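Asker: missing the sequence, but the structure's below:
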């Protein structure tokens, strides 16, 4: 099954509400409340920053080896998604293939910097439950600690902050691989992927 494309929530940095609070300048974690149409920078408590730092350090230490061993760092090859089964497939340039469970962390728009959490994708988009379940754990963690950046469906972030959020998701759902891929002209999807299982 081919992966469906999702429309993004268009968060425009130039909105008056964002301008009143200083305006988004491409840095930080900004929460976008759809009900009030207000975007504001999310203050990050020391506990959140420590959790993010720990998740990123752990993931940064593992990723080079995982990318090398899984063939994700090689040129060539391709990847496919099977959302109904929640499986991510990679075929390397040498023709070897592996499968692994995956979670869709978020869809990020390069132009508006809008970030839509996977768990917030509207049901009418037809995304099956398996890829959305793993990342829901990060939302639960955010609710437990009162971290609004992990519980609001839409944010404004840059690519670096998006990668850090994906690393937090990987740690939360115990899936070691973090991967991002451009899925159309405007959007990149961030994924967490479990340990690969190579086919014969």
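Answerer: Everything's here; your move. Keep in mind that this is a model prediction, so the values were computed, not measured.

Asker: so what does residue 76 have for phi and psi?
Answerer: Dihedral pair for residue 76: phi 80, psi -170, per degrees, to the nearest 10.

Asker: wait, isn't it in contact with residue 90?
Answerer: No. Contact criterion C-beta atoms under 8 Å: residue 76 and residue 90 do not qualify, at 11.2 Å. C-beta here means a position set from N, CA and C on the backbone, and glycine is covered the same way.

Asker: of these two, who's got more company?
Answerer: Taking neighbours as other C-beta atoms under 10 Å, residue 76 and residue 90 compare with residue 90 leading, 22 against 9.

Asker: what is the least confident helix or strand in the protein?
Answerer: Every helix and strand of the chain was ranked by mean pLDDT, DSSP states H and E. The lowest is helix 16-20, at a mean of 40.

Asker: can you name the next helix or strand after it?
Answerer: As assigned by DSSP states H and E, the chain's next helix or strand after helix 16-20 is strand 30-33.

Asker: tell me which residues of that following strand are tucked away?
Answerer: Judged by neighbour count using 16 or more other C-beta atoms under 10 Å, the buried positions of strand 30-33 are 30, 31, 32.

Asker: for this structure, what spans make up the helices?
Answerer: Taking DSSP state H as the criterion, the chain carries its helices at 16-20, 46-70, 133-145, 159-172.

Asker: packing partners of the longest one?
Answerer: With contacts defined as 3 or more C-beta pairs under 8 Å, 6 or more residues apart in numbering; DSSP states H and E, helix 46-70 has these neighbours: helix 133-145, helix 159-172, strand 177-182.
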